[in-house]
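Visitor: Structure, please.
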Amino acid sequence: MEPRHCRNSHRGRRVVTISKPLLHIIHGDDPPLWAVQHAEQWARYAEVKVWSFAEILEDIGQPFAEFCERVESDRFRANYVRHWILYRHGGSYADWDTEPVSNPYRIDEWGDHFVIAPHPNQIPWVDNCFMWVPGPGHPTAKAIVDLVDFSQLTAKQITRLTASDSRRLRLPMAWNRNRETDDAIIHHYYLSASLDKYEMAWLMPRLAGQRVVEAGCGLRSIELARVCDLRSIEHQSFYADRCSRVGVDVRLATLKAYPEVFAASAPTADTLLIDGRRRIDCLSAALETTLPGTRAYLHDSKRPRYQVPKGWEQVEACPVSTRGLVELVKV
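Guide: A predicted model of the protein is given here:
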């Protein structure tokens, strides 16, 4: 990060103004509404550079092309190139599904370290949703590029690889805690646990114009609320707060009361969407409060523990869903 110098014409002396840090973000196509809002939040503290995969291929060249031949997943490609970008250009990196709670840059404290976010739940692990290096060519970033198998998840690998590296600085646990804490600096919403863009493209026309009650809100709820009258039941306050900021009607409920609160709201809906905790309990409870013919969509239906209860019948399945998104009807 280079300082910018300018002259104060009234006093005739030079003053130093520090420019914003550089922040790299990767996105393969047009970002959704919530991602644009997160980028705007980051822009308060950093100069944001959004990379497409085409730009990355031009910048990195053959190493990225060879990786793409072996790995088709955009998620793993992004895992790979984020470290390459930091190694080549320096600065910071953030996932689209993160947003700053306050200014995260403590550059004077970080020195020449490779800085990486903490995992919000696993104490010894790191989370590469946010990283910083002071400039190009950092040896820790280079070691990660050379030694990590990016065709698999990288949290454990990067933790083990860099745990004893004196050039790595793991940020305090409270920075990325995703719970109610005054010490939080960034929130990582873990979008990968929710509906992907292919499932959304299949689902949104089916929900358009409907009154929908949803078990489990998330960033995709922000997109759904643009096409339907959406009410969400949620037990995690940081998700509820994020969605309610843009007008989603969110009702907080404890895990114990989750099915009861969902079932109480279900009669007001044309369609139910089940993508939160206690999914099968919610479906079972809604049997008592909804009319025959009520539609419901269940996500992650391929998990063995998510067996559809009697009283609901599957009528359709999303053909592009790898985890199972199915349409049900109450019989």
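
Visitor: Report the buried residues of stretch 154-170.
Guide: Applying a neighbour-count criterion of 16 or more other C-beta atoms under 10 Å, one finds 154, 157, 158, 159, 161, 162, 168, 169, 170 buried in stretch 154-170. Using the backbone N, CA and C atoms, a C-beta is placed for each residue, glycine as well.

Visitor: quick one: least confident of those residues?
Guide: pLDDT across the buried residues of stretch 154-170 is lowest for residue 154, at 81.

Visitor: How is the residue nearest to residue 148 when sequence neighbours are not counted classified with respect to secondary structure?
Guide: Take residue 148 and drop its neighbours on the chain: the residue closest to it by C-beta to C-beta, 6 or more residues apart in numbering is residue 157, 4.9 Å away. Residue 157 falls in the helix class when you classify it by DSSP: H, G, I helix; E, B strand; the rest coil.

Visitor: Now do the helices in the protein.
Guide: Applying DSSP state H to the chain gives helices spanning 33-42, 53-60, 62-70, 74-89, 107-110, 139-147, 155-162, 197-207, 219-224, 237-244, 258-265, 279-286.

Visitor: Determine the set of other helices and strands touching the third one.
Guide: In this structure, helix 62-70 packs against helix 53-60, helix 74-89, with contacts taken as 3 or more C-beta pairs under 8 Å, 6 or more residues apart in numbering; DSSP states H and E.

Visitor: coming back round to it: isn't the residue nearest to residue 148 right up against residue 149?
Guide: Yes - with contact defined as C-beta atoms under 8 Å, residue 157 reaches residue 149; the gap is 6.5 Å.

Visitor: Out of the helices of the chain, indicate the one that is most buried.
Guide: Highest mean neighbour count among the helices of the chain (mean count of other C-beta atoms under 10 Å): helix 219-224, with a mean of 23.

Visitor: ok, back up a step: against residue 150, how distant is the residue nearest to residue 148?
Guide: Counting by C-beta to C-beta, to the nearest Å, the gap from residue 157 to residue 150 is 9 Å.

Visitor: Touching both of these two, which residues are there?
Guide: Shared contacts of residue 157 and residue 150, defined by C-beta atoms under 8 Å, 6 or more residues apart in numbering, are absent.

Visitor: what's around residue 175, how many residues?
Guide: Neighbour count for residue 175, taken as other C-beta atoms under 10 Å: 22.

Visitor: That one - nearest residue in space that isn't next to it in sequence?
Guide: That would be residue 185: by C-beta to C-beta, 6+ apart, it lies 4.3 Å from residue 175.

Visitor: try residue 60
Guide: If the residues on either side of it in the chain are set aside, residue 60 comes closest to residue 84, at 5.3 Å by C-beta to C-beta, 6+ apart.

Visitor: per-residue pLDDT, the one you found?
Guide: 94.

Visitor: ok, now residue 113?
Guide: At residue 113, pLDDT is 96.

Visitor: From residue 285, how far out is the spatially closest residue to it that is not a sequence neighbour?
Guide: The spatial neighbour of residue 113 that comes closest, neighbours along the chain excluded (C-beta to C-beta, 6+ apart), is residue 169 at 3.8 Å. According to C-beta to C-beta, residue 169 stands 47 Å off from residue 285.
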